[in-house]
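Peer 1: Make a model of this:
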Amino acid sequence: MYPETRRSEIRTIKEEIRIVSIKPAPIVTPGKLWIFGVVSRGEHWLDGVMKKQIPFDEIDATQSVADMICSSPHYDQIRVIMLDNLVLGNTCVVDTLTLHEKTDRPVILVSRKKTVADSTGVTNVLVEDALSRAFGDLGAETEIVLSGGDRLFVWASGLSEKIARTIVIKSCLEAAIPEGLRICDLIATAFSNLFQKEQKV
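Peer 2: A predicted model of the protein is given here:
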């Protein structure tokens with residue numbers, strides 16, 4: 001079940017704005033892919049973690065990601081969804097505009113590359129088709145130069161360019177990537193390492 005009421009666009013940004021960052025686990029269990037979400041408050045606090053297992057051949061993963069977010073006890077506090085790739089596990093595509101519509105939360109895609117296709121590594125034709133549609137919904141990118149000189153490219157759905165830029169800048173701590181995405185990557189990697197270790201026992 002998805003929210004029936006619509007939220008107005010974010011106009012003011014608190015220092016501890018709650019963001020859910022989405023990343024896949026680096027390894028794939030037989031036929032399945034684990035996706036993780038980390039709920040953080042700005043660059044300072046970790047509020048919670050969510051996870052969901054989806055079929056590896058689920059080309060359009062937008063519905064599954066929306067289900068994970070909307071069923072989370074943190075949903076009411078989440079203000080923004082953040083990803084660093086349109087493809088999870090090289091096979092499952094997320095359409096940011098559709099995800100925004102299904103969750104009633106704005107979505108920000110962050111990349112160190114202006115062409116996000118460079119980082120996907122996709123070879124499957126069906127995935128390429130789904131990815132092409134997702135690209136079509138992205139719109140124009142916004143370039144951000146961080147204080148250390150690092151550059152990020154940002155695409156926003158359901159959010160103005162100005163607000164999206166401010167959220168990304170506030171979310172970066174020392175690394176040239178939003179803190180929530182960095183932590184989510186650490187958790188997803190730790191999960192993969194633990195799974196591999198258990199498989200060898």
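
Peer 1: can you list contacts of stretch 153-170?
Peer 2: Defining contact as C-beta atoms under 8 Å, 6 or more residues apart in numbering, one finds that stretch 153-170 is touched by 9-11, 13, 15, 17, 19, 42-43, 80, 96-97, 99-100, 105-114, 116, 137-144, 146, 152, 178. Where C-beta positions appear, they are placed from N, C-alpha and C, glycine not excepted.

Peer 1: I should have written stretch 19-26 there, sorry.
Peer 2: By C-beta under 8 Å, 6+ apart, stretch 19-26 touches 33-42, 50, 65, 69, 72, 74, 78-84, 88-89, 92, 94, 167, 171, 178, 180-181, 183-185, 187-189, 191-192, 195.

Peer 1: filter the residues you listed to the buried ones?
Peer 2: The neighbour-count test (16 or more other C-beta atoms under 10 Å) applied to the contacts of stretch 19-26 identifies 33-42, 50, 65, 69, 72, 78-84, 88-89, 92, 94, 167, 171, 178, 180-181, 183-185, 187-188, 191-192 as buried.

Peer 1: could you give the mean pLDDT of whichever helix in the chain runs longest?
Peer 2: Taking DSSP state H as the criterion, the chain has its longest helix at helix 179-200. Averaging pLDDT along helix 179-200 yields 84.

Peer 1: Show me what that helix is packed against.
Peer 2: Contacts defined by 3 or more C-beta pairs under 8 Å, 6 or more residues apart in numbering; DSSP states H and E place helix 179-200 against strand 18-29, strand 32-41, strand 45-55, strand 80-83.

Peer 1: Could you report the pLDDT at the spatially most central residue of the chain?
Peer 2: Centroid-nearest residue in the chain, with C-alpha atoms, centre = their mean: residue 83, separated by 2.2 Å. Note for residue 83: predicted pLDDT of 95.

Peer 1: what do you get for residue 117?
Peer 2: Per-residue confidence (pLDDT) for residue 117: 51.

Peer 1: same deal with the one 4 residues further on?
Peer 2: At residue 121, the model reports a pLDDT of 56.

Peer 1: can you check the one 4 residues further on too?
Peer 2: pLDDT, residue 125: 76.

Peer 1: now do residue 10
Peer 2: For residue 10, pLDDT reads 68.

Peer 1: One more: residue 33?
Peer 2: pLDDT at residue 33 comes out at 91.

Peer 1: ok, now the one 3 residues further on?
Peer 2: Taken from the predicted model, the pLDDT recorded for residue 36 is 96.

Peer 1: and what of residue 134?
Peer 2: 88.

Peer 1: Could you double-check that it lies in contact with residue 86?
Peer 2: Yes - under the criterion of C-beta atoms under 8 Å, residue 134 is in contact with residue 86, at a separation of 5.0 Å.

Peer 1: between those two, which one's more packed in?
Peer 2: Legend: neighbour count by other C-beta atoms under 10 Å for residue 134 and residue 86, higher for residue 86 (26 against 22).
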